[in-house]
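In: This is the structure alone, sequence omitted:
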């Protein structure tokens, strides 16, 4: 079993839709959770960073962590074609990031 | 935010030759850097942790003699793929944290290097 699981998609939505991206993890020691966005042939860029359970909002993006169910989510409101990318969740407790497989998102105009 | 620069962004080399990839932290001193490998449509797999002034720590299954890591200064780590073969073709990415921000804070990634071995 992978430590962080993520549905690779692809996920295709119309412009303006609310997008829900999800990951599960197995290691209950994980305390830090991140979402990265990666465009094709580029390095990942950090979108959201949360510690322990709870919600965090930044503009159109909301990250949720539910440690009781080991479930992490990223919501994108009013999705734009420029949001089309691969979204990677990652977890950490020792300084070493463990990544999910990444979900490919396409937002159609 | 902090910037990590990686060079080159792409390289094509002949089978049997060696290739060096550089990773620099531009506005902070990184005592630790990380090297990842990513195959198409797959996640980032940690290859090794590069520690300034000491030997790198390699993940299980990664050949340390093939993937040489040198972290000679607080702003530069290099990954050398020795005697490259076509199966080494991949996207290599480095990342670093600003140590003043703590061990588990956000990591900043380089732009990645696409290596093609022909």
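Out: Sure thing, it's come through. In this text, all values refer to a predicted model and were calculated from it rather than measured experimentally.
In: and the lowest-mean-pLDDT helix or strand in chain A with chain B, contact?
Out: The weakest-scoring helix or strand in chain A, judged by mean pLDDT, DSSP states H and E, is strand A:45-51 (a mean of 88). Yes: on the criterion CB under 8 Å from any CB of the partner chain, strand A:45-51 is in touch with chain B at A:45-46, A:49, A:51. (C-beta placed from N, C-alpha, C; glycine too.)
In: Residues contacting that strand, please?
Out: For strand A:45-51, the surrounding residues in contact (CB atoms under 8 Å, 6 or more residues apart in numbering or on different chains) are A:31-38, A:56, A:58, A:61, A:63, A:65, A:74, A:87, B:1, B:104-109.
In: Any idea how far the helix or strand hosting residue B:49 is from the middle of the chain?
Out: For residue B:49, the host element (DSSP states H and E) is strand B:44-51. Averaging C-alpha positions (CA atoms, centre = their mean, to the nearest Å) puts strand B:44-51 7 Å from its chain's average.
In: Same question for stretch A:8-20.
Out: The chain centre lies 13 Å from the centre of stretch A:8-20; the measure is CA atoms, centre = their mean.
In: can you give me the end-to-end distance of that stretch?
Out: Taking CA to CA, to the nearest Å, stretch A:8-20 runs 13 Å from one end to the other.
In: Likewise for stretch B:33-43?
Out: End-to-end distance for stretch B:33-43: 18 Å, by CA to CA.
In: which of the contacts of strand A:45-51 count as buried?
Out: Buried members of those, counted by 16 or more other CB atoms under 10 Å in any protein chain shown: A:31-38, A:61, A:63, A:65, A:74, A:87, B:104-109.
In: Please flag which of the residues you listed sit within helices.
Out: If you go by DSSP state H, the buried ones among the contacts of strand A:45-51 have nothing in helices.
In: Tell me which residues touch residue B:74, please.
Out: For residue B:74, the contact set (CB under 8 Å, 6+ apart) comprises B:25, B:29-31, B:52.
In: would a markdown table of those residues with distance to chain A and secondary structure be doable?
Out: Formatted as a markdown table, those follow (distance: CB to the nearest CB, whole Å; DSSP: H, G, I helix; E, B strand; the rest coil):
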| residue | distance to chain A | secondary structure |
| --- | --- | --- |
| B:25 | 13 | strand |
| B:29 | 16 | coil |
| B:30 | 12 | coil |
| B:31 | 11 | coil |
| B:52 | 15 | coil |
